[in-house]
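In: 3D model of this:
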Amino acid sequence: MSLSPEEIERYARHLVLREIGGPGQQKLKAARVLVIGAGGLGAPLLHYLAAAGVGALGIVDNDAVSLSNLQRQVIHGSGDVGRLKVESAGDAIGRLNPHVQVEPHALRLTAENAAELVAGYHVVADGSDNFATRYLVSDACFHAGKPLVTAAVGGFDASLTTLRPFETGPDGQPNPTYRCLFPEPPPPGTVPSCEEAGVLGALTGIAGAMMALEVIREIVGFGEGLVGRLLLVDTLTMRFETLRYAWDPDNPLNGATSRR
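Out: Below is the predicted model of the structure:
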């Protein structure tokens, strides 16, 4: 997939990076990425994927823009209040990079539609705000064999990891699933919502941009990604830590019992 003269100028700073270059930029142009949520994480994620030249961006969100979103959901503006987020985000992407195809999905991800949605894309990035959706997305990506970049934010903290559980690691064991990291969702009411606990707006920008970096890495293939590693960000102390986690043979997706 060749680049036009305008695209060569637009992506010039990528093209001079040895790890990306022309072949990597062509991979980005040919890539299809599904983003779950056009909110705090999805806003910067979509901005940077569009700027990077990802060819097609699917956006799943059934919510409308509210005034309280604008403190962190920077892809939307004051004039977008009341509009569907997929429409507002699509317009912003069009203004930023007309070479990107936007595919809006103004719906809520469910067990009935997850597999079909995921199947149409090369990489999935989950910026949803609840455990039910995270489990649903991660299960669908496992069964479809799609890489998943997933993140979460709350207050002043963020976490980020990449999942490729349909492959094996260097040790010959399967890569871990989301259920290896979080075997069970927390009891209802134990994790406060964003409305209850608040969230630092700039934190979502940091985490969303790092999600974009992981997605780009998955497409182009450079450096060491976050498969089997959980990145933790604490903006109160400005500390970044990376914890390793491994395959759980008891997990229901690629565990020892499920593989027989």
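
In: mind showing which ranges of the stretch 151-260 of the chain have poor pLDDT?
Out: In the prediction, the stretch 151-260 of the chain carries residues with pLDDT under 70 at positions 189-193, 196, 259-260.

In: tell me who's in contact with the closest residue to Gly94 other than its chain neighbours.
Out: On the basis of Cβ to Cβ, 6 or more residues apart in numbering, the spatially nearest residue to Gly94 that is not a chain neighbour turns out to be Val102, at 6.8 Å. Every C-beta, even on glycine, is put in place using the N, C-alpha and C of the backbone. Neighbour list for Val102: 56-57, 59, 89-90, 93-94 [criterion: Cβ atoms under 8 Å, 6 or more residues apart in numbering].

In: now do Ala256
Out: Here Ala256 is in contact with 249-250 (Cβ under 8 Å, 6+ apart).

In: give me phi/psi at it?
Out: phi -60, psi -40 (degrees, to the nearest 10).

In: distance of it from Ile8?
Out: 50 Å (Cβ to Cβ, to the nearest Å).

In: and for Leu160?
Out: From Leu160 across to Ile8, the span is 31 Å (Cβ to Cβ).

In: who's more crowded, those two?
Out: With other Cβ atoms under 10 Å as the criterion, Leu160 and Ile8 differ in neighbour count, and Leu160 comes out ahead with 24 against 13.

In: and that one, how far from Glu218?
Out: Relative to Glu218, Leu160 is positioned 13 Å away (Cβ to Cβ).

In: any shared contact partners between the two?
Out: Jointly contacting Leu160 and Glu218 under the rule Cβ under 8 Å, 6+ apart are Val149.

In: on that earlier part again, most neighbours of all the contacts of Val102, which one?
Out: Comparing the contacts of Val102 on neighbour count, Ala89 comes out first with 29 neighbours (neighbours: other Cβ under 10 Å).
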